[in-house]
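Engineer: After the sequence you'll find the predicted model.
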Amino acid sequence: MRAGRGGAGGGAGGAAPATAADRALGVVRGYAACDAAAVTRALVRVGEAERQQTYAVLGGLLRSTLALVALTGRELRTGEVVRLADEVAAAAPTAYEFTVTQAVRAWARGDQEGFRGAHADDPLGDLHVTAVLVVLLGLALWGRETFLDTLRAYEEVARTLAVPPGA
């Protein structure tokens, strides 16, 4: 499932995303659409400052999604999480696919040491693991199409918040 649908990530015409929110949403949309090219585009030429900003946005998305899982009372079965992780991680760059699946499998088992160890000392790996967690939780809650619609709505809200009133 590496060849995915177009339009799932990054800027217009394959340009690098401009903001941390663009990068975070681009990588999440890319994973949700099983679009390896969009995942790569979303994180192209990410320096340390951009990585930290993107990680902060992804962290916010993850916390929000985990809160929604808790609110719904939805119990995620380990097998379901692993199946979704394997499916979603197939869109990861080759160097990260194994790391992502190992980290998520450890998370699903409640193995925090294994989770952290799977991507320790790899800041870009942190971005991929966090994005995949957001996606698999979103897919478990809503399914693919509704999750992609939710991301589009989030993006619209984020864009309106970024514009000062009267601008």
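Structural biologist: Yep, it's here. Numbering: from 1, shown residues only.

Engineer: From the centroid of the chain, which residue is nearest?
Structural biologist: Ala131 (2.0 Å; C-alpha atoms, centre = their mean).

Engineer: Chain neighbours aside, what residue packs nearest to that one?
Structural biologist: Spatially, and ignoring its direct neighbours in sequence, Ala131 is nearest to Val27 (4.6 Å; C-beta to C-beta, 6 or more residues apart in numbering). From N, CA and C alone the C-beta is placed, and that goes for glycine too.

Engineer: about what we covered before: pull the contacting residues for the residue nearest to the centre of the chain.
Structural biologist: 24, 27-28, 31, 39, 58 (C-beta atoms under 8 Å, 6 or more residues apart in numbering).

Engineer: Quickly name whichever of the residues you listed is closest to Val46.
Structural biologist: For these, the residue nearest Val46 by C-beta to C-beta is Val27; the value is 9.8 Å.

Engineer: what's the closest one in contact with, if anything?
Structural biologist: By C-beta under 8 Å, 6+ apart, the contact set of Val27 is 9, 38-39, 42-43, 54, 58, 127-128, 131.

Engineer: any idea how far Ala56 is from it?
Structural biologist: 14 Å (C-beta to C-beta, to the nearest Å).

Engineer: again with Val81
Structural biologist: 24 Å.

Engineer: So for these two, which residue has more residues nearby?
Structural biologist: Under the neighbour definition other C-beta atoms under 10 Å, Val81 and Ala56 were set side by side, and Val81 has more, 19 against 13.

Engineer: Give me the below-cutoff pLDDT ranges for the protein.
Structural biologist: Applying pLDDT under 70 to the chain picks out residues 1-16, 161-167.

Engineer: make it 80
Structural biologist: 1-17, 120, 158-167 (pLDDT under 80).
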